[in-house]
Structures are given as structure tokens and as C-alpha cells.
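Undergrad: Just need the structure, nothing else, for what follows:
(one chain, ligands or ions: 1)
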Amino acid sequence: MVDTIRNVLIPVENGYDTVDVQVVDNAIAAISPGCDATNSAIDGKNKLLLPGFVNAHTHSSEMWQRGIMSVFPLELWLAELYDFAPLDIEKVYLSALGTAVETLLSGGTTVVDHLVLIPGKELETIASAVRAYKEVGIRAFVAPLIQDESLSAGIPSGESEQIHEPYFRSTQATLEIISEAVKQFHRPDEGMYIATAPTGIQLCSDALFTGCIELSEKYDLCRHSHLLETKAQEKLAQEKYGCSAVEHLKRIGYLSDRTSLAHCVHLTEADITILAETKSTVVHNPLSNLRLGSGIAPILKYRQAGINVTFGCDGASSNDSQDLLEAIKIGSILHNVTDSDYQHWITPRQAVEMASLGGAKALNMTSELGSLSVGKKADLVMYDLTSLSLLPRTDPIGLLVLGRPTNVVNSVWVNGKQIVADGKVKTIDVDNLRQELFNHSQWQTTRKSQTVAQIEAHYRTVMNLS
Ligand SMILES: [Zn+2]
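TA: Residues are numbered from 1 along each chain as shown. The predicted structure is shown next:
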């Protein structure tokens, strides 16, 4: 299979060049001012070609609750989320399709789905998301969200004695599910990967983390987790381990150059040094951190310390969209208020590199993904620079990152296959998806979470909210 994209704009060191980009099979075969376009040629005139971005942290099935979640901090928000989480395999499939489509149409070619599992139907949940991503053709890391402690254990005890119900599934049974998922679904050659993903120190035992490390080594899997998203988690780590969560994760060996950590809002200077030394990646989820009041992650400090940072949308219940370009914009300019030295601020070009090469680094795939280089896999996005939101003509990347781009993705290739053309997803029927999402939901405004009612008073006490 050969595609040649003719006369397309690509960023080069001091500006932009107009080139032909030849895609042969699944890779970029040539980038030149005029390579031979005898095969199918795609018109790249007035379009910008960039490496695909990575939506490096999301939870696809949260799509069912976007727009309705209460205005809560994470711990109460989670309680509400799980009280109303979809328990239906078909819904998992539809929201994975939706997440894939929204990621593609906002510049992403890879998604990391920290997938919430339906209790008792864990492998079916994973199968359903895998099926959706395969149908769309997006590169997908399905990272089943696992824990082995019950939800209330995620809130610090403070002065009180707290007794938590045991989690309904054993650590061993949980690890066996991941092991089985790897056997059934981990197919790197097909762009489908399983990653180990304990939800975070707040709800996971050391045994679960250690079991995940073993699976990661045995099957060469990426590692993922939430990390220090809230003040409460910072307190909890001190209660649980007597040290910071980062120190503890280092001690048990979870941190590595294929470990990506979502949020990282509340880290100490010593924690920052550890993440840099272990070459771990921070996944910045600015919209979720704002929506849940978690805080502003010190991203500029991380970058100065040499930590790889990339972007995620996080689940659509804490965002409440899956617009990667929006996450990149907010995740860049948000930090201009955290450091008066403007030389540290994130430029549009740096933001693009964080979202593409930074994402590839998070997944330990820099030799294959993340830049427009001959030999790398053709995961490409072509933007229409004649779109009203990208006019008048100035700096294309500046317009894309700092503007409010609307319907600007013209074409997407994943692994050399074109799956979006003329702004339309070719692999699935998006009109039908819209109809299904509509049919499987209803307008609603209020609902009451029983779990929140049970834990709110304790949460307020321990967080000193009178
Ligand atoms: Zn998350």
C-alpha cells in the first residue's frame, strides 16, 4: 500500500517546508520536495502535516456521565461516578468508539484507555473496548483499571479509626485477569496493546503493584497509574507508608522509562528528582485537575528537571470532553501564571512535541512514533489550514495550539492506513454511533449518590472543611 501526500506543509527548524510525504505500508518511506507520486496521491496543499498526538490518559466509559457529575473534589466525585457507572458491555463498546473518534478528530492517533472494568465481566469489558478500537483503527493501549482495596480506603483516616470493607475480588484473581487479557488481546503488531494499570497507591496494595511489575517484565508491557492527584492522596501516602507516594513507588520498583503517571499534582522536590532519575513520564490532565479542583501540576518544574511530560484528556466525566487540542492549549498556557519567567513557558511548538514525541516516550515507542521521520510508523494527522478557525494565515502551529480549532482535522493515518479523509472517519459509521449514543441515554439533571452521603462527613472532617 502506497500513499503520497503532495505539497503538504511540515514544520522544520526555522519555519515550514512544502514537501511530498510518501507512506509505504505502515511507515514513512520518504519526505522530499518532490518524490515520485505515481501511486495514489493525496492533495496536501494548504494543509499541515504533524505526527499524531497521544491521548495519554483517559477512561472511555466515563463518556456516559459527562455533563452531569456534581461539582465535587476527586474523592467524592469518584464515589458518585461508581454509583452510576455503566454496567452494560454494549455501552463500553459505544463509549470506546466515541473516545476513539473524538481523539482522532482532535489530532490524536493513539489512546491510552485506563478502562474501568464491569465487576464480574472484566474480560468482556476489555474485549469490548478492544473491538471498538480495532474497528476504528486507532492505536490503543487498553490499560484495565485495577485495585484491590475498597473505595473508602482512598480517603485518609486522620484522627479517626476507619475500617474498610475488603475489596470484592482478590489481588491474585485481579492479576490473573490482566494476564489473560495479555494473552487474548496484546498484539503490538496490530496496534493493540495491554498495559498494567493499578489505579494508584490510594486503592492498591504493594502485592498488586508488584504483580503488575512482574507482568510488565514478563510480557514487555507499559505501566500506567494515577499519581498524587489530590491533597488527600498526599496525606494518605504519609499515613500508609510514612513517606511520599513517589518514594514508595520507587522503593517497590514501579517507576521506569515505560511508566506513565497521570496527574502528578502534589509532588515534592525530592519526588521530582526521583521521576527524572527513573525516566518516568508525567501525563498532564489540566482540564480534569481544574474541574475537580485538584490543583495545578507544576509542569514547568518537571520540564526543567528533565521529566518527560505529555497530555491526556482524562475521562469525559472530569473534563467533560475528549478534545486533545483543548487539553494541549490549556495544559500549555495554564502555566504562564505559575512562573513569572516567561522563558520557561511552553511554546506552541514545544506543546506539539510534548503531545507527539512526549507521548511516544511515555509508551516507550520513540523509535517508532512521535515525529515526522523516515522509517517511523505513519501515524499522521493532516490539518486543513483553510478552515475558518485557522485563518487568516499566520503561524500554522500557533493557530492550532493557541486558537480554538474547529473541525480542522482533514486526514488521519494510523500505522499507514488512512482512517480519516475529508474530515470524516472512514472505518465506522459515525452517524450511526451518534444515534446509538442518543438511544442509550436520556436527558437528566439530578441524581443522588448514596456513597457520597455515607462518606462526605468524614471527608470534610479529614480535609479540615468545617
Ligand atoms: Zn484518570
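Undergrad: Show me the helices in the stretch 151-300 of the chain, by range?
TA: Here the stretch 151-300 of the chain has its helices, by DSSP state H, counting those that start in this stretch, at 171-185, 206-219, 231-241, 245-252, 269-278, 286-291, 299-304.
Undergrad: Now render the ones you listed as JSON lines, adding distance to Ala153, mean pLDDT and mean neighbour count.
TA: For every residue, glycine as well, the C-beta is placed using N, CA and C. Putting the helices of the stretch 151-300 of the chain into JSON lines (distance: least, CB to CB, whole Å; pLDDT from 0 to 100; neighbours: other CB atoms under 10 Å) gives the following:
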{"stretch": "helix 171-185", "distance to Ala153": "14", "mean pLDDT": "98", "mean neighbour count": "18"}
{"stretch": "helix 206-219", "distance to Ala153": "12", "mean pLDDT": "98", "mean neighbour count": "18"}
{"stretch": "helix 231-241", "distance to Ala153": "9", "mean pLDDT": "93", "mean neighbour count": "19"}
{"stretch": "helix 245-252", "distance to Ala153": "14", "mean pLDDT": "98", "mean neighbour count": "20"}
{"stretch": "helix 269-278", "distance to Ala153": "22", "mean pLDDT": "98", "mean neighbour count": "16"}
{"stretch": "helix 286-291", "distance to Ala153": "22", "mean pLDDT": "97", "mean neighbour count": "22"}
{"stretch": "helix 299-304", "distance to Ala153": "28", "mean pLDDT": "98", "mean neighbour count": "18"}
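Undergrad: Let me know which of these is the nearest to Arg434.
TA: With CB to CB, the closest approach to Arg434 among the helices of the stretch 151-300 of the chain belongs to helix 286-291: 22.9 Å.
Undergrad: Tell me the helices and strands packed up against the closest one.
TA: helix 324-333 (3 or more CB pairs under 8 Å, 6 or more residues apart in numbering; DSSP states H and E).
Undergrad: The helix or strand that the helix it packs on is followed by vs helix 324-333, what angle?
TA: Heading C-terminal from helix 324-333, the first helix or strand you meet, by DSSP states H and E, is helix 348-362. When axes from the mean of the first three to the mean of the last three CA atoms, to 10 degrees is applied, the directions of helix 348-362 and helix 324-333 differ by 110 degrees.
Undergrad: for helix 348-362, packing partners?
TA: In terms of contacts (3+ CB pairs under 8 Å, 6+ apart), helix 348-362 is packed against strand 47-51, strand 53-58, strand 281-284, strand 308-311, helix 324-333, helix 396-402.
Undergrad: any weak-confidence spans in the chain?
TA: Along the chain, the parts satisfying pLDDT under 70 run over 34-40.
Undergrad: Name the nearest residue to the residue nearest to the spatial centre of it, ignoring sequence neighbours.
TA: Centre of the chain computed as the mean C-alpha position; nearest residue by CA atoms, centre = their mean is His57, 1.9 Å away. Leaving out its chain neighbours, the residue that sits closest to His57 by CB to CB, 6 or more residues apart in numbering is Gly312, at 3.0 Å.
Undergrad: now His59
TA: Gly315 (3.3 Å).
Undergrad: sorry, back to before: ok, now which ones touch the residue nearest to His57?
TA: Counting by CB atoms under 8 Å, 6 or more residues apart in numbering, Gly312 makes contact with 55-58, 112, 262, 283-285, 327.
Undergrad: and of those residues, the nearest to Gly15?
TA: Nearest to Gly15 out of these is Ala327 (CB to CB; 26.3 Å).
Undergrad: And that closest one, how close does it get to Leu290?
TA: Per CB to CB, to the nearest Å, Ala327 is found 11 Å from Leu290.
Undergrad: again, but for Asp429
TA: Distance of Asp429 to Leu290, computed by CB to CB: 34 Å.
Undergrad: related to what we said a few turns ago, I figured the residue nearest to the centre of the chain hits Pro286, correct?
TA: No: the criterion here is CB atoms under 8 Å, and His57 misses it with Pro286 at 11.4 Å.
Undergrad: related to what we said a few turns ago, any idea which of the helices and strands packed on helix 348-362 gets closest to Pro188?
TA: strand 53-58 (15.3 Å).
Undergrad: Partner strands of the closest one, with direction?
TA: Strand pairing for strand 53-58, using DSSP bridges, gives strand 108-116 (parallel).
Undergrad: Following the partner strand in sequence, what is the next regular element?
TA: helix 122-136.
Undergrad: That following helix relative to strand 108-116, how many degrees between them?
TA: Using the same axes, to 10 degrees: helix 122-136 against strand 108-116 is 170 degrees.
Undergrad: Adjust the sequence numbering to begin at 859 for everything that follows.
TA: Right, with 859 as the first residue, what we last looked at is helix 980-994.
Undergrad: What lies in contact with helix 980-994?
TA: Applying CB under 8 Å, 6+ apart, the contact partners of helix 980-994 are 918, 947-948, 950-952, 954-955, 958-959, 962, 969, 971, 973-976, 998, 1000, 1002, 1035, 1038-1039, 1042-1043, 1048, 1050, 1052, 1277, 1283, 1285-1286.
Undergrad: For that helix, buried residues please.
TA: For helix 980-994, the neighbour count (16 or more other CB atoms under 10 Å) marks 980, 983-992, 994 as buried.
Undergrad: of all these, which comes closest to Lys905?
TA: Nearest to Lys905 among these is Val994, at 22.0 Å by CB to CB.
Undergrad: ok, and the closest non-adjacent residue to the closest one?
TA: Sequence neighbours aside, Ala958 is the residue nearest to Val994 in space, at 4.1 Å (criterion: CB to CB, 6+ apart).
Undergrad: helices or strands up against the host helix or strand of that neighbour?
TA: For Ala958, the element it lies in under DSSP H and E is helix 947-962. Secondary-structure packing of helix 947-962 (3+ CB pairs under 8 Å, 6+ apart): strand 911-916, strand 966-974, helix 980-994, helix 1288-1297.
Undergrad: between these, which one is nearest to Ala1163?
TA: Proximity to Ala1163 (CB to CB) singles out strand 911-916 among these, at 18.9 Å.
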